[in-house]
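In: Here's a sequence, model it:
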Amino acid sequence: MEKNNVKEKRSDIVFKKLQHDIINGKYSPKCKFPPERDLAQEYSVSRVTIREAVNRLSQLGLVKTLPQNGTYVTDFLVDASFQLLIEIMNNSKTIDTHMLISLTEFRRLCEVFTIRKLTRNITPKGIEKLRSIMKAKKQAKADSKKMSELHYEMHYMFSKLADNIVVQLLFNSFKPIYKHYINLFFTLPGVVDFVIEKYEVLLSAIEAKDESYAAYLMDEILIYGENRVKEILEVHNNQKQIRIR
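Out: The predicted structure is shown next:
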C-alpha cells in the first residue's frame with residue numbers, strides 16, 4: 001500500500017510538470033511526445049509511472065496516442081474540453097495571466113446572466129440573505145481578508161439564488177481562481193468603498209426586480225474589477241504567470 005501511495009505521488013508530480021510544459025509551449029502542437037523510456041530517465045521514475053501520467057494527459061485532451069505510431073501533442077485549444085480548465089484551476093500553483101484575464105471576462109458573461117435570472121425570481125427570503133451579507137461587509141470594512149470572504153459568499157449566494165444548476169457548478173469549479181482574484185482585488189486602494197457603494201445600489205435594484213438595471217450594475221462592477229486587477233498584471237508585465245496559492 002505504501003509503495004502504491006509513493007507511485008501515485010510521483011505520477012502526480014510528473015503529470016503536473018508535463019501538463020505545465022504542454023500548456024506553456026515547451027511541446028508544440030502536433031509534435032511527437034518523448035517516448036516513455038526518455039521521460040522515465042528524465043524524471044527518474046518507472047515507465048509505469050510515466051504511462052499513468054501520460055494517460056491522464058490523454059484524458060484531458062493534451063496528447064493523443066496513435067497505435068504503432070507513438071504519442072503526439074494535441075492543439076489543446078482545439079481538442080481539450082472544459083475539464084482541462086478545471087484541472088488547471090484546482091491543481092496548479094500558478095496560472096498564466098492571459099488565462100486569468102480570459103476567466104474574468106467569461107465570469108462577467110456568466111454573472112450578468114446570473115443577476116438577471118435571480119432578479120427576475122428573487123423572494124423576500126433571498127433578499128434577506130443578501131442584505132445580511134451586505135450588513136456584515138459594512139462591519140468588516142477595515143478587514144480586507146474578511147471582506148474577501150464575504151464578497152465570495154455574496155457571489156456564491158447570487159449563483160445559488162439564480163437557481164441554475166450549470167451556473168452553480170461553474171461557480172464551484174472556478175473557486176480556487178475566483179478566491180485568488182477576490183483576494184487580489186481587495187488589496188487595491190479604493191476598492192472597499194467602491195464595493196460598499198455599488199453593491200448597495202445593486203441590492204436595491206434586485207429588490208425592486210429591476211432586471212435591466214441590476215444587470216447593468218453587475219456589468220459595471222465586474223468591468224471595474226477586471227480593470228483594477230489588470231493594473232497589477234501590467235505592473236508585472238514581465239511575469240507571465242502568477243501564483244494562486
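
In: distance from the centroid: which residue in this structure tops it?
Out: No residue in the chain sits farther from the centre than Gln68, which is 37.8 Å out by Cα atoms, centre = their mean.

In: For the helix or strand Lys9 falls within, give the mean pLDDT please.
Out: Assessed by DSSP states H and E, Lys9 sits inside helix 2-23. Averaged across helix 2-23, the pLDDT comes to 73.

In: elements contacting the next helix-or-strand element following that helix?
Out: Note on helix 2-23: by DSSP H and E, the next helix or strand toward the C-terminus is helix 36-43. If contacts are counted by 3 or more Cβ pairs under 8 Å, 6 or more residues apart in numbering; DSSP states H and E, helix 36-43 sits against helix 2-23, helix 47-59. Where you see a C-beta, it was placed from the backbone N, CA and C, and this is true even at glycine.

In: Identify whichever of those helices lies nearest to Glu207.
Out: helix 2-23 (43.5 Å; Cβ to Cβ).

In: Domain map for this structure?
Out: Per automatic domain parsing, the structural domains of the chain span 2-80, 92-243.

In: of all those domains, which lies closest to Ile86?
Out: The stretch from the domains of the chain with the least distance to Ile86 (Cβ to Cβ) is domain 92-243; that distance is 4.9 Å.

In: which stretches of this protein form helices?
Out: Secondary structure of the chain by DSSP state H: the helices cover 2-23, 36-43, 47-59, 76-79, 82-91, 97-121, 124-139, 144-161, 165-173, 175-185, 191-207, 211-235.

In: related to what we said a few turns ago, let me have the domains of the chain in a markdown table, adding distance to Ile86 as columns.
Out: Output for these, formatted as a markdown table (distance: least, Cβ to Cβ, whole Å):
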| stretch | distance to Ile86 |
| --- | --- |
| domain 2-80 | 10 |
| domain 92-243 | 5 |
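
In: coming back round to it: will you turn the helices and strands packed on helix 36-43 into JSON lines that also has distance to His98 and mean neighbour count?
Out: JSON lines is the format used below for the helices and strands packed on helix 36-43 (distance: least, Cβ to Cβ, whole Å; neighbours: other Cβ atoms under 10 Å):
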{"stretch": "helix 2-23", "distance to His98": "11", "mean neighbour count": "15"}
{"stretch": "helix 47-59", "distance to His98": "21", "mean neighbour count": "18"}
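
In: Please consider this matter closed, and thank you.
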